[in-house]
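Novice: Task: produce atomic coordinates for the following.
(one chain, ligands or ions: 1)
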Amino acid sequence: MDQVARQDVPYEGPERVLSGMQATGNLHLGNYLGALKRFVPLADEFETLYCIVDLHAITEWQEPRTLAANTRAVAAAYIAAGLDPERSIIFNQSQVPAHAELAWILSCVARIGWMNRMTQFKDKAGKDREKASLGLYNYPVLMAADILAYKATRVPVGEDQKQHLELARDIAQKFMNDYDVPGFFPLPEPLIGEQAARVMSLRDGTRKMSKSDASDMTRINLSDSDEDIAQKLKKARTDPEPVPSAAEELGRRPEAANLLAIHAALGDETIEAVMARHGGETFSAFKEAMTARAISVLAPIRERMKDLLADVPALDATLGEGAERARAIAAPTLAEAKRIVGFVG
Ligand code: TYM
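Specialist: Next up, the predicted model:
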């Protein structure tokens, strides 16, 4: 999307990292490897804000009690995966009104033509687009507001969010052009991992692992028991050949490539290293190694999540404190954006 002329005025504010996850059900291995796991080391280097995007969640109807439970489950997953709420600001989006307020201003900047190109909207709305909520259509503008309210410069996400990040940059640039405020917003950079940026379904190596897939066998959830993990990996689709031993094979063997990528990302090693060790093995032998590794990584997270979810008042207090810190950062940006636009008061 290049229709917004770039201005050459650098943003001079501090580096800041923000990302978010929807509270719409179980987090899965794709969310973990593509995003959450990568949130943790960034907290050593930058000021970090990680939100649970409950406003985004209701773009598709959610049972209210389930939404609340899912919001807490994502908060628990953040902490269980290694985020420290003292160092990272962890909060749910609906407690910070600046997101929705800035989203309104930005939705008057974004163009309908840009929105019509959003592939995730097309996928989610499906054939009956007339029946999709207006919020689902506007979803990427709210995401831009999440980022720009904090003037975040870096956004760790999986590959599927790349187009939304490009839109956020275009919206930021157009706001600065329209109101002649160069350098007011940063142009946020997506941080997409080299590994596991797109974890695929366990049953179809050409489809993304997704919360919305009807079959639970397509994904490993962070809440899955050891037995579930073992069972799902055992049943994961493969091809009749042995485990690949050369990169050239991966392109034509999507399921094998996906299992190798998952195994590599879980163990912080390269696919080449995994192929050097396991290439030529049968998939049943490889899946045993995979199961052991997946359980060793995921079981401690699951158990920690359970402990955290057993103390709802403490978790809610953490979210409340995070929201207070987030409000303090977003408020001056929103106030300035309102002044720029010409609002009185
Ligand atoms: P969501 O909740 O769909 O996913 C959360 C994060 O997980 C990544 N992800 C994957 N990565 C690799 N393989 C997969 N199969 C996979 N599935 C999901 C996503 O890329 C994402 O990073 N729009 C966002 C939430 C959001 C946001 C934001 C993100 C709202 N505001 C501001 C960053 C900044 C979303 O729906 O993510």
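
Novice: Report the distance from the top helix by length along the chain to the chain centre.
Specialist: Of all segments of type helix in the chain, defined using DSSP state H, the longest is helix 312-341. Centroid displacement of helix 312-341 relative to its chain, using C-alpha atoms, centre = their mean, to the nearest Å, is 20 Å.

Novice: Mean confidence (pLDDT) on the helix or strand harbouring residue 164, please.
Specialist: Per DSSP states H and E, residue 164 falls inside helix 162-178. In this model, helix 162-178 has an average pLDDT of 98.

Novice: ditto for stretch 145-155
Specialist: The model assigns stretch 145-155 a mean pLDDT of 98.

Novice: Could you list the residues in contact with that stretch?
Specialist: The contact list for stretch 145-155, computed with C-beta atoms under 8 Å, 6 or more residues apart in numbering, reads 11, 13-20, 42, 46, 49, 51, 53, 93, 96, 98-100, 102-103, 106, 161, 165, 168, 171-172, 185-186, 188-191, 326, 329-330, 333-334. For every residue, glycine as well, the C-beta is placed using N, CA and C.

Novice: go with 7 Å
Specialist: The contact list for stretch 145-155 (C-beta atoms under 7 Å, 6 or more residues apart in numbering) reads 13, 15-20, 49, 51, 53, 93, 98-99, 102-103, 106, 165, 168, 172, 185-186, 188-191, 329-330, 333-334.

Novice: Same check on stretch 42-57?
Specialist: 14-24, 39, 67, 71, 74-75, 78, 83-84, 87-94, 99-100, 139, 142, 146, 150, 152, 156, 326.

Novice: For that stretch, buried residues please.
Specialist: By neighbour count with 16 or more other C-beta atoms under 10 Å, stretch 42-57 contains the buried residues 42-43, 46-57.

Novice: For residue 251, state which of those residues is nearest.
Specialist: Residue 251 lies nearest to residue 42 out of the buried residues of stretch 42-57, by C-beta to C-beta, at 31.1 Å.

Novice: now the closest one: how far from the ligand?
Specialist: Using C-beta to the nearest ligand atom, to the nearest Å, we find residue 42 at a distance of 13 Å from the ligand.

Novice: what about the helix or strand hosting that residue, distance to the chain center?
Specialist: Element membership of residue 42 [criterion: DSSP H and E] is helix 37-45. Between the centre of helix 37-45 and the centre of its chain there are 14 Å (C-alpha atoms, centre = their mean).

Novice: what's the answer for stretch 136-146, then?
Specialist: Distance, stretch centre to chain centre, for stretch 136-146: 14 Å (C-alpha atoms, centre = their mean).

Novice: for it, which positions count as buried?
Specialist: Those buried within stretch 136-146 under the rule 16+ other C-beta under 10 Å are 136, 137, 138, 139, 140, 141, 142, 143, 144, 145, 146.

Novice: neighbours of the residue in the stretch 1-150 of the chain positioned nearest to the ligand, just the number please.
Specialist: The nearest approach of the stretch 1-150 of the chain to the ligand comes at residue 34, 2.1 Å away (C-beta to the nearest ligand atom). Neighbourhood size, residue 34 [other C-beta atoms under 10 Å]: 26.

Novice: which residues does it contact?
Specialist: 158, 193, 196, 197, 198, 199.

Novice: Up against the ligand, what does the stretch 1-150 of the chain have?
Specialist: Residues of the stretch 1-150 of the chain lying close to the ligand (C-beta under 6 Å from any ligand atom) are 18-22, 30-31, 34-35, 53, 56, 143, 146-147.
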